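Student: compute the structure for the input listed below.
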Amino acid sequence: MTIKIYSTPMCPWCNVAKDFFTSLKIPFEEIDVSTDEKAAQLMIEKSGQMGVPVIEIDDKIVVGFNKPLLEEILGLNKDENKKKDINSA
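Tutor: Numbers count the residues shown, from 1 in each chain. Below is the predicted model:
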């Protein structure tokens, strides 16, 4: 699994995203789009957005810090989903 976080130094949600992956001991590549114009253009092409963070997990793009979606993509809430399935039956 390859994870890239397109961010800027002054973005508080970028820091939240990086802290999230760090707390889970999941490695990621941080790309500072404030200093890398090519990376910024690539981020816009991939996400259709100019805002950060943009998080790329393999071929999936997450715009902003969306913890439930990130957990779903990473497969972190599988046990919780099983409980919901049992309770709804």
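Student: for the residue positioned nearest the centre of the chain, name its beta-bridge partners.
Tutor: Central residue of the chain (Cα atoms, centre = their mean): Ile55, 3.4 Å from the mean position. In this entry, Ile55 is beta-bridged to Ile5, Val62, by DSSP bridges.
Student: am I right that it is in contact with Leu70?
Tutor: Yes - taking contacts as Cβ atoms under 8 Å, Ile55 lies within contact range of Leu70: 6.9 Å. For every residue, glycine as well, the C-beta is placed using N, CA and C.
Student: which residues do those two both contact?
Tutor: Shared contacts of Ile55 and Leu70 (Cβ atoms under 8 Å, 6 or more residues apart in numbering): Val62.
Student: strands along this protein, start to end?
Tutor: 3-7, 29-32, 54-57, 60-63 (DSSP state E).
Student: dump these to TSV, plus distance to Lys18 and mean pLDDT.
Tutor: What follows is the strands of the chain, written out as TSV (distance: least, Cβ to Cβ, whole Å; pLDDT from 0 to 100):
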stretch	distance to Lys18	mean pLDDT
strand 3-7	6	98
strand 29-32	7	98
strand 54-57	10	98
strand 60-63	13	97
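Student: mind listing what Pro9 touches?
Tutor: Asp32, Ser34.
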